[in-house]
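# Just need the structure, nothing else, for what follows:
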Amino acid sequence: MTTPRKPLTDPRDYVLDLSTAPAPSPATAPAESTSAPAPKSAYLSIHFRCCGVYAPIYRNREKTAYVGHCPRCARKAEIAIGPGGSTSRIFEAF
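Residues are numbered from 1 along each chain as shown. Sure, this is the predicted structure:
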């Protein structure tokens with residue numbers, strides 16, 4: 001048998017007061033970077049048509065390209081990271 005819960009009677013039990021934290025001023029806001037934004041994903045999905053398999057390829061250390069190999073035949077796939085970028089996350093390698 002469970003005991004019934006006591007109702008909350010103190011109004012502080014229901015209210016979340018967020019007004020005590022000061023709002024950040026424009027002077028304390030983080031500065032925006034002037035360089036190009038970093039790619040959002042550390043990998044791309046590639047369909048290797050040579051063997052009919054999907055596999056991820058990952059960004060290189062310099063963050064200039066995505067590089068990987070077919071998991072079956074080891075054919076290399078490399079996709080350069082350009083200034084405009086792409087919204088696509090899945091590509092085909094022939």
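
# who does the lowest-mean-pLDDT helix or strand in the chain pair up with?
Lowest mean confidence among the helices and strands of the chain (mean pLDDT, DSSP states H and E): strand 90-93, at a mean of 87. Paired neighbours of strand 90-93 in the sheet (DSSP bridges): strand 43-48 (parallel).

# List the buried residues of the partner strand.
Neighbour-count burial for strand 43-48, counted by 16 or more other Cβ atoms under 10 Å, picks out 44, 46, 48. (Glycine included, C-beta is placed from N, CA and C.)

# Any chance of CSV for those residues, columns distance to residue 94 and pLDDT?
Converted to CSV, these look like this (distance: Cβ to Cβ, whole Å; pLDDT from 0 to 100):
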residue, distance to residue 94, pLDDT
44, 15, 90
46, 11, 92
48, 9, 93
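
# and of the residues you listed, the nearest to residue 63?
residue 44 (13.1 Å; Cβ to Cβ).

# Just list the residues touching that closest one, thanks.
Remark: with contacts taken as Cβ atoms under 8 Å, 6 or more residues apart in numbering, residue 44 is in contact with 56-57, 66, 79, 89-91.

# Please name the nearest non-neighbouring residue to it.
Closest residue in space to residue 44, ignoring its immediate chain neighbours: residue 66 at 5.0 Å, by Cβ to Cβ, 6 or more residues apart in numbering.

# Which residues does that neighbour form beta bridges with?
residue 59, residue 79.
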